[in-house]
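Engineer: Fold the following and give me the result.
(one chain, ligands or ions: 1)
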Amino acid sequence: MYDILIKNATVITVDPKHHIYQPGYVAVQGDRLAAIGPMEELPAEAAAVKVIDADGLCVMPGLVDAHGHAGHCLTKTLGESNDTQYADAWWGKMAQDIYFHYTDDFFWYAEGALAAAERLKFGITTGVSMLGSTPRPDRVENLAAHFEGAVKTGLRQMSGVGSCDGPWPKHPWTWENGKPTEHTLTPEQMVEITERSVRELNGKHKRQICIVAPGSMGFNVAAETREFAIWKNKEMYRIAKENGVALHTHIYGGGIKFVYETLPEALNPTTSLTHCTQLLPEEISILAETGAVMFHGPTTRANIKNRCPVYETMRAGASVAIVTDGTSPDRSYDIWRDMKVFQVIHRAHDNDPLLAPPGKVLEMCTIVPARAIGMDKDIGSLEVGKKADIIIINTKQPHLAPFGIMPLHRVVYHAQGNDVDTVIVDGEIMMENRRMLACDEGRILADAEKAFNEMRARVGDKFEYFTAYDDSIYDLRNKTMPSPYKD
Ligand SMILES: [Zn+2]
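Structural biologist: Numbering: from 1, shown residues only. A predicted model of the protein is given here:
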């Protein structure tokens with residue numbers, strides 16, 4: 001007797017042999033996949049506690065979004081700068097200002113739940129987040145609150161802190177009774193909190209994984225010395241290695257060469273390097289040689305400002321995963337959207353409409369990121385013995401019908417996050433008919449609104465700059481808006 005039996009579906013496995021069963025079945029026992037195959041091989045006597053007749057629907061492995069930012073779901077849309085001189089700096093500074101000065105535990109809790117709910121409802125069963133924009137590593141409690149909100153939704157949450165970008169020391173605030181207290185955070189304290197976070201929070205819940213996630217591992221000449229950058233990177237790598245957790249960071253051109261020259265052991269197949277824009281040719285070779293994985297966010301501002309050499313890197317033999325980098329200032333955790341943007345931008349760049357075929361793209365949102373975060377033995381494909389992380393797509397809708405021919409093309413080209421009907425994580429049904437079962441979605445939305453309003457009240461008058469815009473948004477390009485950070 002199985003616990004769950006899904007039958008009569010189109011089953012896209014993403015397994016090494018690229019099996020698609022049409023019609024097929026998937027059986028779950030406990031938290032694992034017990035059997036998968038074509039319907040004609042399902043024994044007549046097979047029974048289950050819960051039988052899902054998915055006739056005409058599509059079953060796939062849960063998606064893996066291997067890079068995002070805790071906090072961003074409560075700062076999205078804000079900070080629309082209108083001047084190239086400080087376009088990203090303004091948004092980035094705003095986010096840093098909010099995260100370091102105007103948040104409390106409830107903010108991180110409510111945002112953690114909201115973000116996890118968004119991911120889960122789009123079919124993501126494992127999500128990776130860095131706490132803050134450049135991480136805020138002054139208290140274990142911030143990250144603990146984020147995890148508490150996230151895991152109650154049913155999502156497998158992998159999150160971390162690590163070194164934030166300089167200059168040092170940092171001066172984060174905590175809030176009590178409506179009043180802020182400023183603290184000083186030294187690099188040594190950052191290392192201590194990062195290590196404590198991993199030791200205290202990793203595995204506290206079965207779907208809670210705490211990793212090491214420094215904001216960057218490159219060398220920022222303007223904010224630190226070379227010796228400091230080397231020390232910081234060594235400490236981040238040491239904590240990850242000693243605790244057996246993933247190392248996850250942003251990096252840009254020059255940064256990979258810097259790490260390779262100063263700490264080559266930190267570049268390995270479970271090191272994830274987000275953005276990788278403006279890479280030097282030798283850095284592509286370094287990725288191929290070391291196996292470190294490029295995390296590419298096609299809809300990110302980093303990718304808009306500077307090109308990420310995705311296909312050059314894959315042709316050199318290195319791995320690339322697609323990530324949302326969700327959700328601020330202008331993105332979403334709908335990773336289906338990123339699949340399509342990925343195809344369009346790279347096809348357009350190479351003038352090749354068949355580049356980035358659907359199977360490759362789907363692997364870049366499932367098994368490739370699973371491998372990069374060290375979890376491919378458990379997640380990333382539908383194979384017997386792996387964790388039962390399964391999504392069912394409602395294909396009985398005008399934009400997906402008639403469903404059946406070229407099913408992998410159909411879902412990658414035409415499906416979107418809201419088409420995910422059912423989500424199973426660890427063998428537990430977390431969403432059915434788009435209704436979340438493990439948590440109260442209305443409460444998550446109400447908490448998010450409360451946390452947002454409280455943050456806004458703490459920011460005070462300055463908040464009007466974060467939402468300011470005028471009729472120039474109808475022009476070819478926005479005009480310059482006033483900024484509290486202009487000087
Ligand atoms: Zn990021």
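Engineer: helices and strands of the chain: which one bottoms out on pLDDT?
Structural biologist: When the helices and strands of the chain are scored by mean pLDDT, DSSP states H and E, helix 87-101 comes last with a mean of 80.
Engineer: Who are the packing partners of the helix or strand following that helix?
Structural biologist: On the C-terminal side of helix 87-101, the closest following helix or strand by DSSP states H and E is helix 105-121. Applying 3 or more CB pairs under 8 Å, 6 or more residues apart in numbering; DSSP states H and E, one finds that helix 105-121 makes contact with strand 69-70, strand 124-131, helix 140-151, strand 420-425, strand 428-432, strand 435-436, helix 441-459. For every residue, glycine as well, the C-beta is placed using N, CA and C.
Engineer: quick revisit: buried stuff in the least confident helix or strand of the chain?
Structural biologist: Within helix 87-101, the residues scored as buried using 16 or more other CB atoms under 10 Å are 87, 90-101.
Engineer: nearest residue to the residue nearest the centre of the chain other than its sequence neighbours?
Structural biologist: With the centre of the chain defined as its mean C-alpha position, the nearest residue by CA atoms, centre = their mean is residue 67, 3.0 Å away. The spatial neighbour of residue 67 that comes closest, neighbours along the chain excluded (CB to CB, 6 or more residues apart in numbering), is residue 323 at 3.7 Å.
Engineer: how about that neighbour, what does it touch?
Structural biologist: The neighbours of residue 323, taking CB atoms under 8 Å, 6 or more residues apart in numbering as the test, are 65-68, 128, 274, 295-297, 335, 338, 369.
Engineer: gap between residue 220 and residue 262?
Structural biologist: Between residue 220 and residue 262 the computed distance is 14 Å (CB to CB, to the nearest Å).
Engineer: Could you list which residues are in contact with residue 240?
Structural biologist: Counting by CB under 8 Å, 6+ apart, the residues that residue 240 touches are 198, 211-212, 246-247.
Engineer: Out of the residues you listed, which comes closest to residue 119?
Structural biologist: Relative to residue 119, the closest of the contacts of residue 240 is residue 211; by CB to CB it sits at 16.6 Å.
Engineer: quick check: mean pLDDT across the helix or strand harbouring the closest one?
Structural biologist: Assigned by DSSP H and E, residue 211 belongs to strand 208-212. Averaging pLDDT along strand 208-212 gives 98.
Engineer: buried sites along the helix or strand that that strand is followed by?
Structural biologist: For strand 208-212, the succeeding helix or strand toward the C-terminus, using DSSP H and E, is helix 226-243. Judged by neighbour count (16+ other CB under 10 Å), helix 226-243 contains these buried residues: 228-233, 235-237, 239-240.
Engineer: And residue 152, how close does it get to residue 438?
Structural biologist: For residue 152, the distance to residue 438 equals 7 Å [CB to CB].
Engineer: higher neighbour count, the two?
Structural biologist: Counted by other CB atoms under 10 Å, residue 152 and residue 438 do not tie: residue 152 has more neighbours, with 22 against 17.
Engineer: The more buried one reaches residue 439, doesn't it?
Structural biologist: Yes - distance between residue 152 and residue 439: 5.0 Å, which falls inside the contact criterion (CB atoms under 8 Å).
Engineer: Overlap in contacts, the two.
Structural biologist: Contact with both residue 152 and residue 439 is made by residues residue 113, according to CB under 8 Å, 6+ apart.
Engineer: Measure how buried the residue nearest to residue 274 when sequence neighbours are not counted is and give me the count.
Structural biologist: What sits nearest to residue 274 in space, not counting adjacent residues and going by CB to CB, 6+ apart, is residue 295, at 4.1 Å. Around residue 295 sit 28 other residues, with neighbours defined as other CB under 10 Å.
Engineer: Check residue 127 too.
Structural biologist: Neighbours of residue 127 under the rule other CB under 10 Å: 30.
Engineer: The residue nearest to residue 215 when sequence neighbours are not counted: what's it in contact with?
Structural biologist: Using CB to CB, 6+ apart and skipping the chain neighbours, the partner closest in space to residue 215 is residue 134 (3.4 Å). For residue 134, the contact set (CB under 8 Å, 6+ apart) comprises 96, 164-165, 215-216.
Engineer: Among the residues you listed, which one has the most neighbours?
Structural biologist: Result: residue 164 is most packed of the contacts of residue 134 (other CB under 10 Å), 26 neighbours.
Engineer: Tell me how far the nearest residue to that residue once chain neighbours are set aside lies from residue 220.
Structural biologist: Closest residue to residue 164 apart from its sequence neighbours, by CB to CB, 6+ apart: residue 134 at 4.3 Å. Here the criterion is CB to CB. By it, residue 134 lies 11 Å from residue 220.
Engineer: One more: residue 399?
Structural biologist: 45 Å.
Engineer: More neighbours: which of these two?
Structural biologist: Shown here are residue 399 and residue 220; by other CB under 10 Å, residue 220 has more neighbours (15 against 10).
Engineer: coming back round to it: which of the contacts of residue 323 has the most neighbours?
Structural biologist: Ranked by neighbour count under the definition other CB under 10 Å, the contacts of residue 323 are headed by residue 66 with 31 neighbours.
Engineer: Please report phi then psi for that one.
Structural biologist: Dihedral angles phi and psi of residue 66 (degrees, to the nearest 10) take the values phi -90, psi 10.
Engineer: tell me the pLDDT at it?
Structural biologist: Listed pLDDT for residue 66 reads 98.
Engineer: now residue 246
Structural biologist: For residue 246, the model assigns a pLDDT of 95.
Engineer: ok, it - contacts?
Structural biologist: By CB under 8 Å, 6+ apart, the contact set of residue 246 is 158, 160, 211-212, 240, 270-272, 372-374.
Engineer: Which ones among the residues you listed map onto strands?
Structural biologist: Restricting the contacts of residue 246 to those inside strands, with DSSP state E as the criterion, leaves 158, 160, 211-212, 271-272.
Engineer: Filter the residues you listed down to the buried ones.
Structural biologist: Judged by neighbour count, with buriedness set by 16+ other CB under 10 Å, the buried members of the ones in strands among the contacts of residue 246 are 158, 160, 211-212, 271-272.
Engineer: First-to-last residue distance for stretch 148-161?
Structural biologist: Between the opening and closing residues of stretch 148-161 there is a gap of 16 Å (CA to CA, to the nearest Å).
Engineer: next one: it to chain centre, how far?
Structural biologist: 11 Å (CA atoms, centre = their mean, to the nearest Å).
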